[in-house]
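[1] I need the structure of the sequence given here:
(2 chains)
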Amino acid sequence: SAVISQKPSRDICQRGTSLTIQCQVDSQVTMMFWYRQQPGQSLTLIATANQGSEATYESGFVIDKFPISRPNLTFSTLTVSNMSPEDSSIYLCSVPLNQGEGGGYGYTFGSGTRLTVV
Amino acid sequence: GQNIDQPTEMTATEGAIVQINCTYQTSGFNGLFWYQQHAGEAPTFLSYNVLDGLEEKGRFSSFLSRSKGYSYLLLKELQMKDSASYLCAVINTDKLIFGTGTRLQVFP
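    Sure, this is the predicted structure:
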């Protein structure tokens, strides 16, 4: 199965600044996803990162706040722009994988970026 | 809209059996996953159901009824290390949409 390297693992940032999170996959994947997990909550899908085209954002998320790059099939970045304390969350990237038997496939996740905005 | 609901918290005793329910109403359905997430870690895959019925994998089993929009995760012979959050997630046109999550605490 694919391995995702996500960095940074954590950061403490000043409000009003921006942070770019990177995910590198060790194999080519068509789709990559970015999630946010607020403290004590489940995962919320931010957007789908498409190679060669603009990201597709979910309701409540906009490109100006969360610009995404996908320059090739193994790499993507998510930027959290003009941060406020409400952006303090864990951000995770994910890719779908074929897990073989029975046609079922899984999604694997990066280790997450724990962001604290002060 | 998309609604995937789970109980917020559950408690159980070591050695017991616990069932975590998940109900969903989504615009599309291509399968359902259960993930386990320990505090401070990324979610890890537990099970996948796309057809109705029970999938058994060791101490963990997962059930799906597509007509009822319902799934459950059954954990047997609970161990202390099973204390974690359990996340139900539906695949909707290649996107994985997560439920509200259930925090399970196992007591000795």
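
[2] Could you look up the SS state of the residue lying closest to B:Val18 once chain neighbours are set aside?
    Distance criterion C-beta to C-beta, 6 or more residues apart in numbering or on different chains; nearest residue to B:Val18, sequence neighbours excluded, is B:Ala12 at 4.3 Å. Where C-beta positions appear, they are placed from N, C-alpha and C, glycine not excepted. Following DSSP: H, G, I helix; E, B strand; the rest coil, B:Ala12 is assigned to strand.

[3] Run through the residues that contact B:Ala12.
    Counting by C-beta atoms under 8 Å, 6 or more residues apart in numbering or on different chains, B:Ala12 makes contact with B:Val18, B:Leu78, B:Leu104, B:Gln105, B:Val106, B:Phe107.

[4] Pop out the phi and psi values for the fifth one.
    Here the main-chain torsion angles of B:Val106 (degrees, to the nearest 10) amount to phi -100, psi 130.

[5] any idea how far A:Leu43 is from B:His38?
    14 Å (C-beta to C-beta, to the nearest Å).

[6] between these two, who's got more neighbours?
    Shown here are B:His38 and A:Leu43; by other C-beta atoms under 10 Å in any protein chain shown, A:Leu43 has more neighbours (25 against 13).

[7] which residues does the more buried one contact?
    Counting by C-beta under 8 Å, 6+ apart, A:Leu43 has contacts A:Tyr35, A:Arg36, A:Gln37, A:Leu92, B:Pro43, B:Leu87, B:Ala89, B:Phe98.

[8] Is it bridged to anything, and to what?
    Beta-bridge partners recorded for A:Leu43 (DSSP bridges): A:Gln37.

[9] where's it relative to B:Gln79, distance?
    Noted for A:Leu43: a distance of 25 Å to B:Gln79, by C-beta to C-beta.

[10] The residue nearest to A:Ser84 when sequence neighbours are not counted: which element?
    Leaving aside its chain neighbours, A:Ser84 sits nearest to A:Arg15 (5.4 Å; criterion: C-beta to C-beta, 6+ apart). Remark: A:Arg15 resides in no helix or strand, with elements defined by DSSP states H and E.
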